[in-house]
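[1] whatever this is, show me its structure:
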Amino acid sequence: MKKALILDLDNTIYPVSSISEDLFGQLYVVLDQYSNSINADGTDRVTHIKEEMTRRPFQHIADDYQLDEELRNRIIDTLNNMAYTLPMQPYADYEYVRSVPLDKFLVTTGFSKLQHSKVKMLGIGDDFKAIHIVDPEVSPKTKKDIFAEIMEVHGYEPEEILVIGDDPESEIKAAKALGIDTFLYDPENRYPDAEVTHKAANMKEVLTILI
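    Sure, this is the predicted structure:
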């Protein structure tokens, strides 16, 4: 029987695409300024980077694309001091999970100030027993580390937890490594072959798992 849910934030509770232009607009301008060097191999790497910024931590993107240190530091400095202050809305089907009478924890990777501002604008802070920001600029801890800490501090066994997220290579991978059941939220069917415990396009399916 499940006693707790651990949720990701970006693209799990709300769609990043709904705020990406307002959130990343100034960063897109910076990327465009460096487009000649980024696209030196003849491919439109800038466009791919912009798309990935809606789904992955920037540090990981910078590593994968081997971005210039000056550009990397410029964007990271901006993100470190950024907060989102415009209205935000969760996915409509988040209400199904919100109503579940189990302990809920939010574990999200990103810049601390920015992630906390999203939680505030979404109005979801009171939904969670605890909120954990995995910020690579602050600590080397990973989501796997945080999941293990949650189990230790609150006395949960792996089989008593369900991790809900959108990324097979992030929270889903971390949960699997600890023997925790996973629910891949995939409304666009981006990962048809992902190896997960459960997968669905609607959060309502979480309720059928918990019954």
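
[2] listing partners with orientation, what would you give for the longest strand along the chain?
    In terms of residue count, the longest strand belonging to the chain (DSSP state E) is strand 103-109. Using DSSP bridges, strand 103-109 pairs in its sheet with strand 4-7 (parallel), strand 130-134 (parallel).

[3] could you list the residues in contact with the helix or strand hosting Ile76?
    Ile76 is part of helix 69-80, with elements assigned from DSSP states H and E. Residues from elsewhere that reach helix 69-80 (CB atoms under 8 Å, 6 or more residues apart in numbering): 26-27, 30-31, 34, 38, 58-59, 62, 111, 113-114, 137. All C-beta atoms are positioned from the backbone trio N, CA, C, and that covers glycine.

[4] how near is Pro30 to Gln89?
    Check again: residue 30 is Val, not Pro. For Val30, the distance to Gln89 equals 28 Å [CB to CB, to the nearest Å].

[5] what does Gln59 give?
    28 Å.

[6] out of the contacts of helix 69-80, which are buried?
    Among the contacts of helix 69-80, those classed as buried by 16 or more other CB atoms under 10 Å are Leu27, Leu31, Tyr34, Ile38, Phe58, Gln59, Ala62, Phe111, Leu114.

[7] could you export those as JSON lines, including secondary structure?
    Shown next, in JSON lines, are these (DSSP: H, G, I helix; E, B strand; the rest coil):
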{"residue": "Leu27", "secondary structure": "helix"}
{"residue": "Leu31", "secondary structure": "helix"}
{"residue": "Tyr34", "secondary structure": "coil"}
{"residue": "Ile38", "secondary structure": "helix"}
{"residue": "Phe58", "secondary structure": "helix"}
{"residue": "Gln59", "secondary structure": "helix"}
{"residue": "Ala62", "secondary structure": "helix"}
{"residue": "Phe111", "secondary structure": "coil"}
{"residue": "Leu114", "secondary structure": "helix"}
